[in-house]
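Colleague: when you get a sec, could you give me coordinates for this:
(2 chains)
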Amino acid sequence: MDTKTKNLLLVGGTVAMAVFALAFSRPATGEAFGGSDDQACAAIAQIDPKYKPWFAPLWEPPSGEIESLLFGLQAAAGAGALFYALGYWRGRRSAAKDQDA
Amino acid sequence: MHIMEGYLPVKHAIGWTAASAPFLGYGLYRLNRWNRENPSGRLFLGACAGFAFVLSAMKIPSVTGSCSHPTGIGLGAALLGPFPMMVLGTIVLLFQALFLAHGGLTTLGANAFSMAIAGSLVAWAVHRLSLRMRMPSGLAVFLAASISDLCTYMVTSFQLGLAFPSAQGGVFASAAKFFMIFVPTQIPLAVSEGLLTVFVINLLKSHLGDDKRFPVLNGAA
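Modeller: Numbers count the residues shown, from 1 in each chain, chains lettered A, B, ... in the order given. All right, here's what the predicted structure looks like:
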């Protein structure tokens, strides 16, 4: 199997697993597709009902929209850095090949 | 998996911060050394940090019906070694604590310990061990990334169990309870993380070619 086919299968497999989960899973309790962090906070409240968080985030995204904006920025910045490097290396390699030819 | 702001008692918050500090100090030293010794070292650091940024921004649905996110630590730990990646992973956590109210500053030490420190060490060790057992290099990367992902959540469960021992059964009963919240959701995501890490390693291999500095790209231990 060549690398291109392998890569297609790797990415395809990841997408397929997420789609399968979306299509066929329902949570036993609570909100559908909520965060597992929130479930952990609920469990803390159950074990130690008197516990109060003693520190609040300095700043919270004022709405779900702003939060998704910042998550989008995080992913875009990360992908930018990763693919900038990949593009640089790819270009460097094909330039070296051209010189050899 | 990030423990939310304020959700660790003061003593635990201080304890985990103190436990993480020496690792991060040494990580910073190794990161600088890496930068000095490698001419285009920043590109590698950027690529590995970038991967961790993307993956930890993606909340992916799992078969349990809840969402969680991968860590993206395995790539950098296999490529750069565990210590530089500890610093990069902590930067991701800091970004999310400051701008997304996800995780927190008081829990940064604990979260850095589970994801950046334990995650990097486990990924690196699994990768080296798998190669030594003569597994194909792709499988070694897959195992490193996915086992590191799961271990991060196991450490988080233990941290929460330690902070909130249950009335009957104590620390371990409580850790098992948190484990059961995180891990079933995380197993399919750990598989996804493994697949995506192998994908990016393949891209690196085909564009970087044989770079002798990186055993992970050449498949030798």
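
Colleague: what about the closest residue to residue B:87 other than its chain neighbours, neighbour count?
Modeller: Using CB to CB, 6 or more residues apart in numbering or on different chains and skipping residues adjacent in sequence, the residue nearest residue B:87 is residue B:27, 4.3 Å away. C-beta: built from backbone N, CA, C; applies to glycine. Number of residues near residue B:27 (other CB atoms under 10 Å in any protein chain shown) recorded here: 25.

Colleague: who are the contact partners of residue B:27?
Modeller: B:83, B:84, B:85, B:86, B:87 (CB atoms under 8 Å, 6 or more residues apart in numbering or on different chains).

Colleague: pLDDT below threshold where in chain A?
Modeller: Under the criterion pLDDT under 70, the flagged ranges of chain A are A:28-30.

Colleague: what residue lies at the spatial centre of it?
Modeller: Geometric centre of chain A, nearest residue: residue A:75, 7.4 Å, by CA atoms, centre = their mean.

Colleague: and the residue nearest to residue B:107 when sequence neighbours are not counted, backbone torsions?
Modeller: Nearest non-adjacent residue to residue B:107, counting by CB to CB, 6+ apart: residue B:3, 4.2 Å away. Here is the backbone geometry of residue B:3 (degrees, to the nearest 10): phi -70, psi 130.

Colleague: same check, this time on the one 5 residues further on
Modeller: Backbone torsions for residue B:8, taken as degrees, to the nearest 10, come to phi -110, psi 130.

Colleague: wait, it sits on residue B:159?
Modeller: Yes: checked against CB atoms under 8 Å, the pair residue B:8 and residue B:159 is within contact range at 7.4 Å.

Colleague: what residues are shared contacts of the two?
Modeller: Contact criterion CB under 8 Å, 6+ apart; residues shared by residue B:8 and residue B:159: B:16, B:110.

Colleague: secondary structure class for residue B:5?
Modeller: Assigned by DSSP: H, G, I helix; E, B strand; the rest coil, the conformation of residue B:5 is coil.

Colleague: and it, what does it touch?
Modeller: A:53, A:55, A:56, A:57, B:97, B:101, B:103, B:104, B:105, B:106, B:107.

Colleague: give me the buried entries from the residues you listed.
Modeller: The neighbour-count test (16 or more other CB atoms under 10 Å in any protein chain shown) applied to the contacts of residue B:5 identifies A:53, A:55, A:57, B:97, B:101, B:103, B:104, B:105, B:106, B:107 as buried.

Colleague: reformat those as CSV; add distance to residue B:163 and secondary structure.
Modeller: Below are those laid out as CSV (distance: CB to CB, whole Å; DSSP: H, G, I helix; E, B strand; the rest coil):
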residue, distance to residue B:163, secondary structure
A:53, 12, coil
A:55, 14, coil
A:57, 19, coil
B:97, 18, helix
B:101, 20, coil
B:103, 15, coil
B:104, 14, coil
B:105, 17, coil
B:106, 12, coil
B:107, 10, coil
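
Colleague: and which of these is nearest residue B:75?
Modeller: Relative to residue B:75, the closest of the buried ones among the contacts of residue B:5 is residue B:103; by CB to CB it sits at 20.5 Å.

Colleague: the closest one against residue B:93, yeah?
Modeller: Yes: at 5.6 Å, residue B:103 counts as touching residue B:93 under the criterion of CB under 8 Å.

Colleague: overlap in contacts, those two.
Modeller: Common contacts of residue B:103 and residue B:93 (CB under 8 Å, 6+ apart): B:2, B:111.

Colleague: packing partners for the longest helix anywhere in chain A?
Modeller: Longest helix in chain A, counting residues (DSSP state H): helix A:64-100. Using 3 or more CB pairs under 8 Å, 6 or more residues apart in numbering or on different chains; DSSP states H and E as the contact criterion, the elements in contact with helix A:64-100 are helix B:41-57, helix B:82-99, helix B:170-208.

Colleague: I'd like the distance from the second one to the chain centre, please.
Modeller: When distances are taken as CA atoms, centre = their mean, to the nearest Å, helix B:82-99 is centred 10 Å away from the chain's centroid.

Colleague: please apply the same query to the shortest one.
Modeller: Averaging C-alpha coordinates over helix B:41-57 and over its chain gives two centres that are 12 Å apart (CA atoms, centre = their mean).
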